[in-house]
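>>> Here is my input, please return the structure:
(chains A and B)
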Amino acid sequence: MSKHLISHLFQSVLTLWAAFTIAFVLLQALPGDAVLIKFLASDFGLTPEQITELQQTYGVNLPLWQKYFHELGAIFTGNLGFSVQAGLPVSQVIATNLPPTLLLASLGFTAAIVLALSVAFLSAFTCFSWLRQALHALPSLFVSVPVFWLGIVLIQIVSFQLGLIPVINPGHWEGLILPTIALAIPISAPIAQILIRNIEATLLLPHVAVARAKGASHVWVLWHHVARNAVLPTLTMAGLLFGELLAGAVVTETVFGLSGLGSLTQQAVNNQDTAVLKAIVIISAAIFITINLIVDLLYPILDPRLRVAQEARP
Amino acid sequence: MSLRQSLSVAALSALTTFSFIGTSTNPLYAQETPVTGGTLVYLEQQSHTNLYPPAGGFYPNGGILNQITDKLTYQNPRTLEIEPWVAESWSINSDATEYTFKIRPGITFSDGTPVDAKAVARNFDTFGLGNPALKQPVSEVINNYVRSEVIDPLTVKFYFNAPSPGFLQGTSVIGSGLVALSTLDLPFDQLGDATKIIGSGPFIVTQEVPGKELTLVARKEYNWAPVKSAHQGRAYLDEIKYVITPEDSVRIGALVAGQAGFIRQLQAYDEKRVSDQKFEIYAAPTRGVNNSIAFRPDNPLVSDVRVRKALAYATDVQDIVDTLFSENYPVATSVIASTAQGYVNLSAKLQFDPQKAAALLDEAGWKVGADNIRQKDGQKLVLTTYESLPQPQNKETLQLIAQQWSQVGVKLNVLAGDAGSRVVDSLDPEKTAIIPAMVGRADPDVIKSNYYPTNRNSLLQKGGVSTKVKSFEDTELNNLLTAIARETDKTKRLELVGQVQNYLLDQAYVIPIFEEPQVFAGAPWVKGISFEAVGRPSFYDTWLEKR
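Sure, this is the predicted structure:
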């Protein structure tokens, strides 16, 4: 088990390094830089010399290899650089923006799971075929709804027409309701699709037939013999969906005017604030890796067969 | 332009002016008694970039600076006269090279330090000369500045190496907002943090969530509004919440739903929705260089005046305004707005005539090729530009122009581009043969601001920030622009402004499109909104009616 964990950790570090390097190379390829974008505006009237000086202060003009090793080295000491746009250290910018996004992502993910489970199990429980078909069609509908559009429609109807929740200056939790729904609906779709398919497949397995033959009720069978088996593959999805959660947060936070990693990403892209973008890439990769690690470690706990297989290994 | 057209333009500009004046002199409003207290929620489309006062030209910056800083003088937006504010009196020598200001006693910055001769001198030394060590640039509104002299604690004198007649008005603009010495000690790149900008204005920034939200709180001890202002003492509002709301539909929806009191950048297509709900539309004129496109003659494709003239003839400005805008956007009749100082009606030089355009292009040797695009010596007449994000519906405007130009065989590529490419390419005449431009300021110097090489340099002449310009320089234009900045005789100065307008159009350096307003919308219960001379809101007089 510990060997398994060590190899995982080693892979994680390698993945982080690769993520940083790829981000570094890609961001270098962009024309211009954050200093130019922020300070070359004509109404600032800075001279070319002053702009070059500013670029030097931010280390924009260093040779590539020097910049790469300098930044890589700095990351190990926890120094993520300086945000040209915010005029603050990146670590400070991230520290203010990460918690709200983690909260929104967790709420969005929980809501997506609840929604997906409801759709999947309702479709398994129902005895009306029209309702089952309708529920089966729901995930396809959900997955094709653009988050941007959904956000605006929710704001227009729930906030502006019905006046139920304010969008401007809402209370802390109040302000999270609509963004959570907007984030959860598209994310729930792939989970629901996999759950529905797995429930149907598990229902056809011999042990379910045996349970039924013994006189177990439909609900009992679903709960005791189907649920656990059907849920397992969706765990893998959870890790993969994190990327989508972050992408969703970019749009959701922009539409709802929330602060967080998503809107920070959008601003950093607009202003080519590369130090911030690199930090976001590393943090996202780290979270992605951690979630997948947790999923990997959870598998043997949830699936006794894997536990047996691991113990049987020499 | 026919008599009817001229009359309608005149009526329109009068209407705009009166609707603007109406907000502060409406008799109904005058009878109402302002209520103190409450929070105004103000939705801004874009986040501010830098609050170094001379960077106040960018509207989101100016919209904040106008609430937190005071100016040496006050330009009355109705009469455009300069009135006392922080300076209670002033004297100017005969050739406008020496200005002496007497500072009103008892004014303090929000950190408690006094607004005295020393502080004012340091502000203008910075704005007039820049501070290279802190990378603080020179203000575009101050010309020929040499130094300051503190005569006594409340008297300051400024010296210029050549006449600087625009300086008095220059002391009244947002770009000359006075800030505390501690603010001037900060490097330029740290002045994006609004909480670090210490002014003496009626509001203080107490909190900033970068790119999202600002909280401004009224200064209770504020008691130095311009002397002629009917309202003295603290601001009526307790607090202003600036919320950055980039989405147009969210800003308007929130206003109509009562979640916000005031919003900036109401698009023309949304005006009806707002007025139908009996909400107020404020179209404040910017009194400067019109929303226009400027040519970069350094680019060989547009170096021939015939080509530039042809493209001006090929542009149907009336169609653009009719299609995309409303009556709040009057069709341009010169390079500068009809509300600007020194304006001359040159609509006779701004005609739409595609036949003439085609003839001029033929004459210049550009023949229509098989793909309907004109070419000469194997080169196609294909021009490229970037949309300007701060200008209203700029992408749509440029796309419509591209359609109009395609009728005479010229292709115009309109790029959105990433920020980096936009900034870098905008300074390269080869990559951007034309560029959208506008600038607001209620002084004849405004025309210099837009075209002079060391200012905004819209035409990209040699001598500016761009290192990509090969040879283009127009000394005749530059001499005229410098003369405006130096001429002390008001009549002669305005004559020079007229000459520049004629020169720019004769050379077809510019195609003026419309007089750009700043369009805001406010809820009926938000009263006493006022604007400075070029359309940035002031919330000092603003109060909220009980709902």
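>>> residues in contact with residue 64?
All of this refers to chain A. Counting by Cβ atoms under 8 Å, 6 or more residues apart in numbering or on different chains, residue A:64 touches residue A:28. The C-beta positions use only the backbone N, C-alpha and C, and glycine is treated the same way.
>>> try chain B instead
Neighbours of residue B:64 in contact, by Cβ under 8 Å, 6+ apart: B:48, B:51, B:194, B:205, B:214, B:216, B:242.
>>> in a helix, that's where the fourth one is, yeah?
This points to residue B:205. No: counting by DSSP: H, G, I helix; E, B strand; the rest coil, residue B:205 falls outside a helix, being strand.
>>> For it, grab the count of nearby residues.
24 (other Cβ atoms under 10 Å in any protein chain shown).
>>> again with the third one
As a burial measure, residue B:194 scores 22 neighbours (other Cβ under 10 Å).
>>> thought it was touching residue B:206?
No: with contacts counted by Cβ atoms under 8 Å, residue B:194 stays clear of residue B:206, the gap being 9.6 Å.
>>> can you list contacts of stretch A:100-115?
A:176, A:179-181, A:183-185, A:187-188, A:191-192, A:238, A:241-242, A:245-246, A:248-249, A:252-253, A:258-262.
>>> so where do the strands sit in the stretch 101-250 of chain B?
For the stretch 101-250 of chain B, applying DSSP state E, counting those that start in this stretch gives strands covering B:145-152, B:155-160, B:203-209, B:213-218, B:239-244.
>>> So which of those is nearest residue A:301?
Residue A:301 sits nearest to strand B:203-209 of all those, at 40.9 Å, using Cβ to Cβ.
>>> which residues make contact with the closest one from outside it?
Counting by Cβ under 8 Å, 6+ apart, A:96, A:259, B:64, B:67-68, B:110, B:193-195, B:197, B:213-219, B:235, B:240, B:539 sit against strand B:203-209.
>>> before we move on, the earlier item: just the contacts of stretch A:100-115: which are in helices?
Among the contacts of stretch A:100-115, the members found in helices (DSSP state H) are A:176, A:179-181, A:183-185, A:187-188, A:191-192, A:238, A:241-242, A:245-246, A:248-249, A:252-253, A:261-262.
>>> Just the buried ones among these, please.
Those of the ones in helices among the contacts of stretch A:100-115 that meet the buried threshold are A:176, A:179-181, A:183-185, A:187-188, A:191-192, A:238, A:241-242, A:245-246, A:248-249, A:252-253, A:261-262, by 16 or more other Cβ atoms under 10 Å in any protein chain shown.
>>> what about burial for the contacts of strand B:203-209, which qualify?
With neighbours counted by 16+ other Cβ under 10 Å, those contain buried members at A:259, B:64, B:67-68, B:110, B:193-194, B:197, B:213-219, B:235, B:240, B:539.
>>> picking that back up, so which of the contacts of stretch A:100-115 are also by chain B?
Filtering the contacts of stretch A:100-115 for proximity to chain B by Cβ under 8 Å from any Cβ of the partner chain leaves A:258-259.
>>> what's the distance between residue B:256 and residue A:159?
Taking Cβ to Cβ, to the nearest Å as the measure, residue B:256 falls 11 Å from residue A:159.
>>> more crowded one of those two?
Higher neighbour count among residue B:256 and residue A:159: residue A:159, with 23 against 18, using other Cβ under 10 Å.
>>> Please identify the nearest residue in space to that one, excluding sequence neighbours.
Closest residue to residue A:159 apart from its sequence neighbours, by Cβ to Cβ, 6 or more residues apart in numbering or on different chains: residue A:167 at 4.6 Å.
>>> thought residue B:39 was touching residue B:240?
Yes: judged on Cβ under 8 Å, residue B:39 makes contact with residue B:240 at a distance of 7.1 Å.
>>> and which of the contacts of residue B:64 is nearest to residue A:34?
Once Cβ to Cβ is applied, the member of these that ends up nearest residue A:34 is residue B:48, at 16.5 Å.
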